[in-house]
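1. Just need the structure, nothing else, for what follows:
(one chain, ligands or ions: 1)
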Amino acid sequence: MKFIHVFACVLLFLCIGNPFAAVSMQAQVLRNPNVEQKIDSLIANMTFDEKAGQLSQYSGGFNDNATDNPAKSHYEELIREGKVGSLLNVHGVKTTHDLQRIAVEGSRLKIPLLFGLDVIHGYKTIFPIPLAEASSWNPGMVERDERIAAREASADGVNWTFAPMVDIARDPRWGRITEGSGEDPYLGSVMAAARVRGFQGANFDSAVSILACAKHFAAYGAAEGGRDYNTVDISERTLREIYLPPFHAAVRAGAGTLMSSFNEIAGVPSSANHHLLTDILRGEWGFNGFVVSDWTAINELHVHGIAANDAESASLALNAGVDMAMEGGLYQEYLPALVKEGKIPETVVNEAVRRVLREKFRLGLFDDPYRFGSRAREKLETLSAPFLASARDAARQSIVLLKNDNNILPLKKTIKTLAVIGPLASDARDPLGSWSALGDTSNVVTALQGIQRAVSKETKILYARGCDIVGSSKDGFSEAIAVAKKSDAVILFAGEASSMSGEAASRSSLDLPGIQGELVKAVVAVGKPVVLVLMNGRPLSISWEAEHVPAIVETWFLGVQTGNAIADVLFGNYNPAGKLPVTFPRAVGQVPIYYNHKNTGRPGNDTVHYTSRYIDLPSSPLFPFGYGLSYTKFEYGNLRLSAEEISPTDSLTVSVDVNNAGTRDGEEVAQLYIRDEYGSVTRPVEELKGFKKIFLKAGATKTVSFTLTPESLSMLNIKMEKVVEPGTFKVFVGTNSVDVKEASFKVVER
Ligand code: NOJ
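-> Below you'll find the model as predicted:
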């Protein structure tokens with residue numbers, strides 16, 4: 001046992017070597033005294049009904065194209081009475097401006113409205129789903145795409161998005177894995193910060209910046225059994241080490257709002273969780289934006305069994321730190337009485353109102369309530385050529401090449417006869433993913449269209465649907481087999497419908513749905529070279545396919561440029577460089593399976609009986625975290641560290657030479673992992689601490705350097721203090737979490 005010293009200066013590590021410090025605008029701690037004064041006088045002048053109004057959000061469901069919703073006049077009346085702070089699911093220049101006019105001209109206090117919408121991966125220019133974009137390991141690209149989403153949404157009157165979803169997901173059964181950045185807190189944090197910066201711009205500098213909302217706070221992805229909304233029971237350590245970091249990164253990047261989640265954590269629903277919403281979020285992190293509940297999550301506190309009635313639900317939520325109620329209307333109904341009865345202190349109400357008003361000021365709505373919503377900009381920019389070019393670029397970067405035996409890919413554009421088979425090949429709906437805002441199928445380039453555009457004029461394409469995504473009919477098999485027989489190669493599309501992932505779309509199986517697995521077998525049996533192209537919102541268990549199909553390409557759901565991006569990869573216009581942000585299991589029974597697990601006292605060894613393993617499956621995943629192939633080959637060598645020993649407050653440089661040993665130019669994501677060998681508490685076998693995406697010409701070599709800071713080496717000790725403990729650290733650098741070069745160094749007290 002080594003001597004363990006606890007280094008006192010916990011705060012030090014919040015500032016020193018913080019990987020996100022450079023991107024943080026620390027907007028949370030900046031308070032503008034002028035604005036605070038204006039807020040003071042507004043609050044002093046408000047009735048409790050009006051205060052409750054600022055804390056209430058309702059779903060309108062109307063826009064410029066659907067105006068005759070009978071609910072509209074009801075909401076107009078409420079706005080006039082000062083009983084609405086925000087509407088969601090309302091957009092359109094005329095609609096939002098008309099409603100805003102009622103708020104700022106027709107209501108007593110003239111407080112402008114927030115218009116919220118789920119702009120998750122694009123507004124009309126739909127980008128790849130977030131899980132796909134995380135596969136790019138390119139935060140700059142992600143930031144650019146959210147910037148575009150913000151431009152399009154704000155032109156249509158939307159000033160608040162319920163994104164980014166930053167929930168860590170270690171269970172692919174959970175359908176909402178599709179909306180986040182996968183299983184890793186470091187990658188998740190980098191992506192969270194990038195998305196916030198993209199939506200909000202540099203401190204809300206213009207009317208093309210919209211308010212971001214990091215959701216779902218917190219640990220929503222840890223639902224038991226992967227079943228959406230289900231109970232979460234995790235330790236404070238796992239909460240802080242795994243699930244909270246992306247939220248903290250979003251807050252540091254200036255996120256104006258957070259959304260409280262539906263789930264409970266160890267007995268306390270998040271939407272009534274004072275520890276989470278006040279002690280950690282406000283107390284420890286200094287967040288001064290506001291928290292909105294998820295849809296009727298406050299009402300559901302009663303169903304959770306923590307509040308005997310709606311009034312108690314409202315009181316629990318507001319006292320815990322939920323500032324705004326999304327739908328449900330409980331604040332409006334009960335808050336004035338609860339304050340009178342002394343169940344909610346007036347100061348708590350005032351503080352919640354202050355936080356909401358502060359964000360309205362930040363957005364510039366008090367200066368110009370009509371600054372969002374511009375027909376001119378909408379016409380000029382929405383779905384414009386540069387935006388579509390970005391969508392194509394993002395889609396290509398999101399593709400992960402899982403297998404490519406005998407370099408069957410890329411295919412020749414001059415191939416004579418090509419079979420394109422499968423239920424997703426000519427599909428325009430599913431590539432949009434489960435949250436597609438105002439995405440329209442008419443703007444989607446299907447895979448088949450992309451392939452048709454890419455091949456030579458002489459190439460004959462034979463298309464057969466084969467079967468449906470779900471269902472058991474094999475009626476289309478004979479046609480699929482027939483076209484495969486006539487072709488020189490087959491591109492086979494298989495996967496999930498977009499509705500099979502996302503909210504309330506958990507699955508108990510990770511296999512290809514319906515009869516598709518049998519279609520794959522039947523087509524492979526023909527004996528032609530087969531490329532399997534997957535479209536899906538989660539990792540799938542494709543063990544048979546991984547063994548028997550020579551080439552497999554993971555495309556997730558790629559958005560409007562699906563077909564062009566897939567063709568770019570299949571025919572070699574683009575050399576794939578995506579890496580998995582999540583582990584692919586061999587079978588659903590391995591779930592949860594993630595790379596940063598603990599060692600246990602009996603690490604899994606497939607040849608030793610009494611070890612932590614399954615008797616019917618290898619312990620390893622099918623494809624590990626960080627995995628992805630290229631059409632070229634990268635070799636790593638000469639791993640070196642700037643020191644063999646450092647003190648706990650020192651940083652260390654890790655360098656490695658990466659060589660493109662193949663014949664094509666390409667990009668590679670070099671990944672850095674560490675292992676803190678012995679700690680006062682057990683540490684994961686590997687933790688991602690850095691990555692760099694580099695471009696290398698064929699034959700070229702580049703040195704990639706990473707800095708390991710005290711923040712990267714720190715951990716939560718037994719007292720939950722953030723410290724760097726002396727001892728040996730292993731360093732791993734490589735092309736994924738398994739194929740790595742290794743070195744080690746010591747942290748010593750000086
Ligand atoms: C419920 C979802 O959980 C949340 O992510 C979303 O933002 C709201 N509905 C609003 O649509």
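2. For the residue of the stretch 151-300 of the chain found nearest the ligand, grab phi and psi.
-> Residue nearest to the ligand within the stretch 151-300 of the chain: residue 162 (3.4 Å; CB to the nearest ligand atom). Every C-beta, even on glycine, is put in place using the N, C-alpha and C of the backbone. Torsion angles at residue 162 (phi, psi; degrees, to the nearest 10) stand at phi -90, psi 60.
3. mind giving me the domain ranges of the chain?
-> Domains of the chain are assigned by automatic domain parsing as 7-377, 399-590, 634-747.
4. May I have the secondary structure class of the residue in the stretch 451-600 of the chain positioned nearest to the ligand?
-> Using CB to the nearest ligand atom, residue 503 is the residue of the stretch 451-600 of the chain that sits closest to the ligand, at 5.3 Å. Secondary structure state of residue 503, per DSSP: H, G, I helix; E, B strand; the rest coil, is coil.
5. Same check on residue 484?
-> Secondary structure of residue 484, per three-state DSSP, is helix.
6. nearest spatial neighbour of it, skipping sequence neighbours?
-> For residue 484, ignoring the flanking residues on the chain, the nearest one in space by CB to CB, 6 or more residues apart in numbering is residue 526 at 4.3 Å.
7. again with residue 747
-> Nearest to residue 747 is residue 726, by CB to CB, 6+ apart, at 5.0 Å.
8. Could you check the pLDDT of that neighbour?
-> Per-residue pLDDT puts residue 726 at 98.
9. Can you get me a residue count around it?
-> 18 (other CB atoms under 10 Å).
10. Phi, psi for whatever residue of the stretch 1-150 of the chain ends up closest to the ligand please.
-> Distances between the stretch 1-150 of the chain and the ligand by CB to the nearest ligand atom are smallest at residue 118, namely 4.8 Å. Note on residue 118: backbone dihedrals following degrees, to the nearest 10 are phi -80, psi 90.
11. Residue 327 against residue 57, yeah?
-> Yes - taking contacts as CB atoms under 8 Å, residue 327 lies within contact range of residue 57: 7.0 Å.
12. Between those two, which has more neighbouring residues?
-> For residue 327 versus residue 57, neighbours defined as other CB under 10 Å are more numerous around residue 57 (26 against 18).
13. Am I right that the more buried one is in a strand?
-> Yes - the secondary structure assignment for residue 57 places it in a strand, going by three-state DSSP.
14. Does it have any beta-bridge partners, and if so which?
-> With DSSP bridges applied, residue 57 shows beta-bridge pairing to residue 86, residue 326.
15. Next up, the contacts around it.
-> 84-88, 114, 116, 292, 324-327 (CB atoms under 8 Å, 6 or more residues apart in numbering).
16. Could you rerun that using 10 Å?
-> When the contact criterion is CB atoms under 10 Å, 6 or more residues apart in numbering, the partners of residue 57 are 84-88, 113-114, 116, 160, 292-293, 295, 324-329, 331, 356.
17. Number of residues surrounding residue 501?
-> 26.
18. typo on my end, it should be residue 34
-> Counted by other CB under 10 Å, the residues lying close to residue 34 total 9.
19. Also the one 10 residues further on?
-> Here the neighbour count serves as a burial measure; for residue 44 (other CB under 10 Å) it reads 8.
20. Residue 518 now?
-> 15.
21. Can you pull up the residues of the stretch 601-750 of the chain that come close to the ligand?
-> Within the stretch 601-750 of the chain, no position is adjacent to the ligand by CB under 6 Å from any ligand atom.
22. my read: residue 220 touches residue 168, true?
-> Yes - under the criterion of CB atoms under 10 Å, residue 220 lies in contact with residue 168, with a separation of 9.3 Å.
23. list the residues that contact both of these two?
-> Residues touching both residue 220 and residue 168 by CB under 10 Å, 6+ apart: 180, 243.
24. about what we covered before: can you narrow the contacts of residue 57 down to the ones near the ligand?
-> Among the contacts of residue 57, the ones lying near the ligand by CB under 6 Å from any ligand atom are residue 295.
25. Which of the contacts of residue 57 fall in helices?
-> Counting by DSSP state H, the members of the contacts of residue 57 that fall within helices are 331, 356.
26. since we're on the closest residue to residue 426 other than its chain neighbours, how many residues are nearby?
-> Once flanking residues are discounted, residue 426 sits nearest to residue 448: 4.4 Å by CB to CB, 6+ apart. Here the number of neighbours of residue 448 (other CB under 10 Å) works out to 22.
27. again, but for residue 297
-> Under the neighbour criterion other CB under 10 Å, residue 297 is assigned a count of 28.
28. Need phi/psi at it.
-> Residue 297 has phi and psi values of phi -60, psi -30 when expressed as degrees, to the nearest 10.
29. correct me, but it touches residue 271?
-> Yes - counting by CB under 10 Å, residue 297 sits close enough to residue 271 to count as a contact (4.3 Å).
30. by contact count, what packs against the helix or strand residue 744 falls within?
-> Secondary structure here is read from DSSP states H and E; on that basis residue 744 sits in strand 740-747. In terms of contacts (3 or more CB pairs under 10 Å, 6 or more residues apart in numbering; DSSP states H and E), strand 740-747 is packed against strand 634-641, strand 645-646, strand 652-660, strand 666-676, helix 710-713, strand 727-734.
31. Show me what from the stretch 151-300 of the chain comes close to the ligand.
-> By CB under 6 Å from any ligand atom, the residues of the stretch 151-300 of the chain that approach the ligand are 162, 215, 294-295.
32. Looking at the residues you listed, which is nearest residue 367?
-> Closest to residue 367 out of these is residue 162 (24.6 Å), distances taken as CB to CB.
33. just checking, the closest one touches residue 115?
-> No - the pair residue 162 and residue 115 does not pass the contact test of CB under 10 Å, sitting 11.6 Å apart.
34. So which of the two has more stuff around it?
-> Neighbours of residue 162 and residue 115, each counted by other CB under 10 Å, are more numerous for residue 115; the result is 28 against 24.
35. starting at the chain centroid, how far to the host helix or strand of residue 461?
-> Taking DSSP H and E as the criterion, the element that holds residue 461 is strand 460-464. When distances are taken as CA atoms, centre = their mean, to the nearest Å, strand 460-464 is centred 36 Å away from the chain's centroid.
36. any idea which residue sits dead centre in this structure?
-> Nearest to the centroid of the C-alpha atoms of the chain, with distances taken as CA atoms, centre = their mean, sits residue 180, at 2.2 Å.
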